[in-house]
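predicted model and sequence follow; I will ask about them next.
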Amino acid sequence: MLKEFREFALKGNMVDLAIGVIIGGAFGGLVNSIVNDIIMPIIGLVTGGIDFSNMFIQLAGEPKTTLAAAREAGATVAYGNFVTLLINFLIIAWVLFLVVKGMNRMKKKEEAKPEPEAPREEVLLTEIRDLLSKKA
């Protein structure tokens, strides 16, 4: 049973999947940093200094000025966080689309390659074999 598990765990696809998950986690952190540290501040600057991470609707209690304080006071709808996560998702989806599109293009090129022509000697031997089989 241990041998079967080892064979399963060390198959190429399983190792590829593990590598993909690790790279995906690192990529997620990178996208979060790009969105939170670069894109959202630029959007905030263009929109007159709006801080999306602090945008919310307080559903109960006295009005608060920060999201953390509003969450402590009661229910909130943190739509600023949703906007940030939506931008994260769109960036990741776009990059994955480009990766899959590139992989599909590479597969099509591989499929379109013609088979290499057989060496001249092999062609002659095949013809001789065919002629001999017809005579027999």
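Received the coordinates, thanks. Numbers count the residues shown, from 1 in each chain.

tell me how many other residues crowd A70.
Residues lying near A70 (other CB atoms under 10 Å) number 23. All C-beta atoms are positioned from the backbone trio N, CA, C, and that covers glycine.

give me the phi and psi for P116.
Dihedral angles of P116 (phi, psi; degrees, to the nearest 10) stand at phi -70, psi 140.

what distance separates stretch 58-77 from the centre of its chain?
35 Å (CA atoms, centre = their mean, to the nearest Å).

next, the distance between the ends of it.
End-to-end distance of stretch 58-77 (CA to CA, to the nearest Å): 6 Å.

so which residues make contact with that stretch?
Contacts with stretch 58-77, where a contact means CB atoms under 8 Å, 6 or more residues apart in numbering, come from 53-57, 78, 80-81.

go on, stretch 79-94?
Contacts for stretch 79-94 (CB under 8 Å, 6+ apart): 27-28, 31-32, 34-36, 39-40, 51-57, 67.

rounded mean pLDDT for it, please.
Mean pLDDT, computed over stretch 79-94, is 86.

may I see the buried residues of that stretch?
Using 16 or more other CB atoms under 10 Å as the test for burial, stretch 79-94 gives 80, 83-84, 87-88, 91-92.

show me where this protein has its helices.
Along the chain, counting by DSSP state H, helices occupy 2-9, 12-34, 40-46, 67-73, 79-112, 120-135.

dump those into TSV; add distance to G61 as well.
Output for the helices of the chain, formatted as TSV (distance: least, CB to CB, whole Å):
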stretch	distance to G61
helix 2-9	52
helix 12-34	30
helix 40-46	26
helix 67-73	4
helix 79-112	18
helix 120-135	85
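
tally of neighbours for I34?
Neighbour count of I34, defined by other CB under 10 Å: 14.

and for T76?
19.

geometrically speaking, which residue is the centre of this protein?
Geometric centre of the chain, nearest residue: L96, 3.9 Å, by CA atoms, centre = their mean.

how far away is it from K107?
Separation of L96 from K107 (CB to CB, to the nearest Å) stands at 16 Å.

of the buried residues of stretch 79-94, closest to R129?
Using CB to CB, I92 comes nearest to R129 of these, at 57.4 Å.
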